[in-house]
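**Q** Show me how the following folds:
(one chain, ligands or ions: 2)
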Amino acid sequence: MTLSTRERAKTAIAELNERVTDARWRTLEALFVAERPLSHAEIEAGLAAGGAIDRVTLYRVLDWLVGRGLAHKIEGHDQAWRFSAVGNDTHGHAHFQCTQCNKMYCLTAIQPTLVLALPPRFHFEEADISLRGTCADCQPR
Ligand SMILES: [Zn+2]
Ligand SMILES: [Zn+2]
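**A** Ligands and ions are numbered 1, 2, ... in the order given. Here you go, the predicted model:
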């Protein structure tokens, strides 16, 4: 049986023994269906069709999703956070941000193997590799 993204979102929250509020599962569902990490504004615009979630609630829900390990946040070159669902995005990969439209993309094919020479007793957790340029949509035709 394949769960719908809606059921996946509700289940993921319920498994943490947390309240499955509309704002929580709808925001998580939006991240599950997204093909790339989304900014607050993009998430807000995407949710508007199904009934708007006010900005303060959305900010709180996104922080909550990150805090509970259901979402990642990645800082853009414009200093705005982008969010993605943990199940979608393992973040061993690099990200690409378009300098024209500011959209962020996952470059899942780029999984850099880092040769690390860390000082003694330093412990590596994750590398955040981000590239900048122009996306396909913004190229002159
Ligand atoms: Zn672009
Ligand atoms: Zn990613």
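
**Q** Who are the contact partners of the residue positioned nearest the centre of the chain?
**A** Taking CA atoms, centre = their mean, the centroid of the chain lies closest to S84, which sits 1.5 Å from it. S84 sits next to L31, A34, R36, P37, L38, A71, H72, I74, H91, C106 when contact means CB atoms under 8 Å, 6 or more residues apart in numbering. No exception for glycine: its C-beta is placed from N, CA and C like everyone else's.

**Q** same thing with V61?
**A** Contacts of V61 (CB under 8 Å, 6+ apart): A23, R24, T27, I53.

**Q** Name the helix or strand for it, please.
**A** helix 55-67 (DSSP states H and E).

**Q** Mark which of the contacts of S84 are part of strands, please.
**A** L38, A71, H72, I74, C106 (DSSP state E).

**Q** Verify the contact between the third one and V66 for me.
**A** Yes: judged on CB atoms under 8 Å, H72 makes contact with V66 at a distance of 7.0 Å.

**Q** and for the two, which residues touch both?
**A** Shared contacts of H72 and V66, counting by CB under 8 Å, 6+ apart, come down to F83.

**Q** With neighbour numbers in mind, choose between the two.
**A** It is H72, of H72 and V66, that has more neighbours when counted by other CB atoms under 10 Å, with 20 against 15.

**Q** pLDDT at the more buried one, what is it?
**A** Note on H72: pLDDT of 89.

**Q** got it, and G87?
**A** On the pLDDT scale, G87 gets 69.

**Q** show me what contacts D137?
**A** C98, C101, K103.

**Q** Checking my notes, it in a helix, right?
**A** Yes: under DSSP: H, G, I helix; E, B strand; the rest coil, D137 falls within a helix.

**Q** hang on, the earlier thing: just among the ones in strands among the contacts of S84, which is most surrounded?
**A** With neighbours defined as other CB under 10 Å, the most crowded of the ones in strands among the contacts of S84 is A71; it has 24 neighbours.

**Q** leaving aside the residues next to it on the chain, what's closest to it?
**A** L65 (3.9 Å; CB to CB, 6 or more residues apart in numbering).

**Q** since we're on that neighbour, how many residues are nearby?
**A** L65, neighbours per other CB under 10 Å, totals 23.
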